[in-house]
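Trainee: got a sequence here, can you build the structure:
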Amino acid sequence: MLHPADTSHDSYPSRIEPTSRLIERREPVVYGHNPGPLSDAGLQSFSRDGFLQMRGILDPSEIEAVHNELSEMVARPEVRQDERTIIEPASNEVRSMFQVHETSRIISRLAADKRIVDVARQILGSYVYIHQSRVNFKPAFEGKDFSWHSDFETWHTEDGMPAMRAVSFSISLTENYTYNGPLLLIPGSHRIYVTCVGETPEGNYRSSLQFQKLGVPEREHLRTLYKRAGGRIEVCTGEPGEVTVFDCNTMHASPSNISPVPRTNIFLVFNSVENTPVEPFAAPKRRPDYLASRDYNPVG
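Mentor: Reported below is the predicted structural model:
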């Protein structure tokens with residue numbers, strides 16, 4: 001059963017009720033009719049599915065430059081010991097590096113690149129800032145999974161993001177195959193908010209970045225979203241340099257990589273400057289700035 005959105009202060013209550021439920025999205029997916037790189041067909045596809053794949057955004061020389069810089073960063077002991085670097089406890093491999101738009105010279109330029117920023121502005125209908133940036137690594141044989149989740153559920157409950165007015169850009173640095181832990185998305189799931197059960201403990205992010213337990217929807221709701229999508233899950237395969245842009249509430253996941261082929265993606269999250277976070281809706285205190293930036297200066 002789909003519930004109408006609450007019109008009180010917290011439109012998307014989660015982690016505060018004993019049972020989970022489905023809530024209709026309040027906000028538009030595309031804000032207005034703004035000029036930009038995407039065609040009308042592209043905007044309609046994004047509005048319908050909650051994601052869009054863009055081919056050939058980065059050229060081989062740009063990809064090589066990012067690879068070289070990231071390889072150098074991962075090899076430095078001070079980077080591995082930084083709290084912004086998440087290590088897989090079992091394999092000791094780097095799982096994620098956060099705030100990379102501030103620590104990587106090349107990714108900093110990429111985060112302000114018109115090829116990407118103008119798409120975010122067009123969808124969100126405003127200037128945008130970087131809410132979060134990270135690199136996710138899926139090493140060959142060792143890359144662990146990311147559970148099904150909506151980013152907005154965490155950004156709302158733990159970061160205080162008020163509304164669904166943010167988009168993520170997943171930029172492929174390696175070939176994304178069906179078998180090396182690709183991004184999975186449920187089409188149309190962005191139009192339904194799935195509340196989750198369980199109180200958020202202080203410092204939850206320390207464990208959730210290695211393995212997420214809170215903010216994971218119940219299986220019955222995932223089945224509902226899957227059925228509403230016509231029994232379809234999009235598997236985001238493609239060549240290095242391709243970009244998948246997806247809505248902040250799109251239900252997504254990625255399986256473990258047990259193949260011999262590594263997978264590395266950059267994630268840039270743009271939030272509208274008209275949607276800046278308040279205090280968390282269901283957490284004791286704010287997460288660190290490297291997970292939810294409080295620098296609201298527009299990029300690009």
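
Trainee: show me where the stretch 201-300 of the chain dips below the pLDDT cut-off.
Mentor: Where the stretch 201-300 of the chain drops to pLDDT under 70, the residues are 208-211.

Trainee: now do the strands in it.
Mentor: Assigned strands in the stretch 201-300 of the chain, in chain order: 234-236, 243-247, 252-254, 263-272 (criterion: DSSP state E, counting those that start in this stretch).

Trainee: please name the nearest non-neighbouring residue to the most centrally placed residue in the chain.
Mentor: Centroid-nearest residue in the chain: Ser168, 5.0 Å away (criterion: Cα atoms, centre = their mean). Once flanking residues are discounted, Ser168 sits nearest to Val269: 5.0 Å by Cβ to Cβ, 6 or more residues apart in numbering. Backbone N, C-alpha and C define where each C-beta goes, glycine included.

Trainee: just to revisit the earlier point, ok, the residue nearest to the centre of the chain touching Ile266?
Mentor: No. Using Cβ atoms under 8 Å, Ser168 is not in contact with Ile266, being 10.5 Å away.

Trainee: check which helix or strand Gln122 maps to.
Mentor: helix 114-124 (DSSP states H and E).

Trainee: all helices for this protein, in order.
Mentor: Taking DSSP state H as the test, the helices found in the chain are 40-49, 60-74, 77-81, 100-103, 105-111, 114-124, 151-157, 205-208, 219-228.

Trainee: pick the most buried one from the ones you listed.
Mentor: Comparing the helices of the chain by mean neighbour count (mean count of other Cβ atoms under 10 Å), helix 151-157 comes out on top with a mean of 26.

Trainee: what sits closest to Glu274 if chain neighbours are left out?
Mentor: Using Cβ to Cβ, 6+ apart, the nearest residue to Glu274 is Ser126, at 5.2 Å.

Trainee: can you check the pLDDT for that neighbour?
Mentor: As predicted, Ser126 sits at a pLDDT of 97.

Trainee: just the one 10 residues further on next, same as before
Mentor: The predicted structure scores Asn136 at 92 on the pLDDT scale.
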